[in-house]
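Peer 1: quick check, what structure comes out for this input:
(one chain, ligands or ions: 2)
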Amino acid sequence: MGLLTVIRKNRRKEKEMRLLFLGLDNAGKTTILKKLNGEDISTISPTLGFNIKTFVHNSYTLNVWDVGGQRTLRPYWRNYFEQTDAIVWVVDSSDRLRLDDCKQELHSLLQEDRLAGASLLVFVNKQDIPGSLTQDEIRDALDLRAIKSHRWKVLPCSAVTGHNLIQGLNWVVDDVAHRLYYSTT
Ligand SMILES: Nc1nc2c(ncn2[C@@H]2O[C@H](COP(=O)(O)OP(=O)(O)OP(=O)(O)O)[C@@H](O)[C@H]2O)c(=O)[nH]1
Ligand SMILES: [Mg+2]
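Peer 2: Ligands and ions are numbered 1, 2, ... in the order given. Okay, the predicted model is just below:
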């Protein structure tokens, strides 16, 4: 039995997944996770290191890593890549000025060998802000259709209203589960 098979079997028993929340600072990563967890979202400060949250969703235990996105912290993202099943890339859809920065960071992230195979959900966050960019505008601005290396989905959402947060998590869990737990290899 190969090592990969052993790992797969163990993980199948535990039904665990590791999710990595990344994106530029101020995108709303921490707010999304707090909202999903039913916590107060009125007092959120920038993440200077990382937070880990564990919760059960659709009978899977999700270990979610939320890492600070400030420019000076981005070189540390690579410390969290190992064994990532899915990347949730959070975008502030009201931040037009940093779209190019956001695109560069995302595309360079996807070059990482250790993230090969991870599913990618792009959360177009802050849809409650009037005049924010739409899902299609973000898809084009980030050139998502050029991504061939990862299975991806883009979804508009709001951490404040909670719109689409559960739907996003459902997609991630389904996509990872099909790959990890239902594949016949
Ligand atoms: N209107 C609105 N504001 C939001 C939304 N999501 C987050 N915010 C606000 O955006 C700011 C940044 O949110 P954070 O959750 O700290 O962002 P982050 O991505 O974790 O940022 P770093 O930890 O610095 O990487 C906070 O003031 C939030 O209240 C949203 O969907 N709508
Ligand atoms: Mg944060």
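Peer 1: can you pull the buried residues of stretch 124-139?
Peer 2: Buried residues in stretch 124-139, counted by 16 or more other C-beta atoms under 10 Å: 124-127, 132-133, 135, 138-139. (Each C-beta comes from the backbone N, C-alpha and C, glycine too.)
Peer 1: between the residues you listed, which is closest to ligand 2?
Peer 2: N125 (11.9 Å; C-beta to the ion).
Peer 1: what are the phi and psi angles of the closest one?
Peer 2: Dihedral angles of N125 (phi, psi; degrees, to the nearest 10) stand at phi -90, psi 170.
Peer 1: not counting sequence-adjacent ones, nearest residue to it?
Peer 2: Leaving aside its sequence neighbours, N125 sits nearest to G28 (C-beta to C-beta, 6 or more residues apart in numbering; 4.2 Å).
Peer 1: got any ranges where the protein has weak pLDDT?
Peer 2: 1-13, 183-185 (pLDDT under 70).
Peer 1: where exactly do the helices run in it?
Peer 2: Ranges of helices in the chain, per DSSP state H, are 3-14, 29-36, 99-109, 135-141, 165-180.
Peer 1: what residues does the third one touch?
Peer 2: For helix 99-109, contacts defined as C-beta atoms under 8 Å, 6 or more residues apart in numbering pick out 22-24, 74, 77, 87, 89, 91, 95, 115, 122, 133, 138, 141-143, 146-147.
Peer 1: what's the most distant pair in the buried residues of stretch 124-139?
Peer 2: Maximum pairwise distance in the buried residues of stretch 124-139, criterion C-beta to C-beta, is 15.9 Å, between K126 and R139.
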